[in-house]
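Engineer: show me how the following folds:
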Amino acid sequence: VQLQASGGGLVQPGGSLRLSCAASRFTLDNYDIAWFRQAPGKEREGVSCISNSDGRTYYGDSVKGRFTISRDNTKNAVYLQMDSLKVEDTALYHCATADCLSNYYDYWGQGTGVTVSS
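Structural biologist: Below you'll find the predicted structure:
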């Protein structure tokens with residue numbers, strides 16, 4: 001099981017980025033998929049999750065109303081649209097197979113870095 005997050009970069013506060021999560025050798029639609037982030041010196045933080053059973057989405061309090069998770073099963077991809085970015089969103093972002101209800105992360109790959117700075 002291998003997942004690859006991409007789409008990170010440097011953006012100014014208030015800007016937007018869209019992260020992508022792709023998988024090789026398995027179908028993302030068979031799993032709950034989560035995004036989590038980790039900033040230097042900080043605890044890992046759950047950002048969002050999308051259920052494979054009913055498509056329900058979940059968000060951390062710090063990103064609610066600003067981030068949107070979605071799937072494109074035709075492309076075997078999961079996306080995280082991040083709007084109104086804040087300096088405190090700066091972190092390494094990972095996508096992972098997960099259980100949305102228990103916040104359990106199973107497999108994840110290398111993350112993609114997001115830096116929000118003026």
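Engineer: quick one, helices of this protein?
Structural biologist: Applying DSSP state H to the chain gives no helices.
Engineer: tell me the centre residue of it?
Structural biologist: The central residue of the chain, meaning the one whose C-alpha is nearest the mean C-alpha position (CA atoms, centre = their mean), is Trp35 at 2.8 Å.
Engineer: ok, it - contacts?
Structural biologist: Contacts for Trp35 were tallied using CB atoms under 8 Å, 6 or more residues apart in numbering; they are 5, 19, 21, 46-49, 69, 80, 93-96. Using the backbone N, CA and C atoms, a C-beta is placed for each residue, glycine as well.
Engineer: how about 10 Å then?
Structural biologist: Applying CB atoms under 10 Å, 6 or more residues apart in numbering to Trp35 gives the contacts 5, 19, 21, 45-50, 59-60, 63, 67, 69, 78-80, 82, 93-96, 98, 108, 111.
Engineer: now Leu85, what are its backbone angles?
Structural biologist: The phi and psi torsions at Leu85 (degrees, to the nearest 10) take the values phi -60, psi 150.
Engineer: still on that earlier bit, setting aside sequence neighbours, what's the nearest residue to the residue nearest to the centre of the chain?
Structural biologist: Beyond its immediate neighbours in the sequence, the residue positioned closest to Trp35 (CB to CB, 6 or more residues apart in numbering) is Val47, lying 4.3 Å away.
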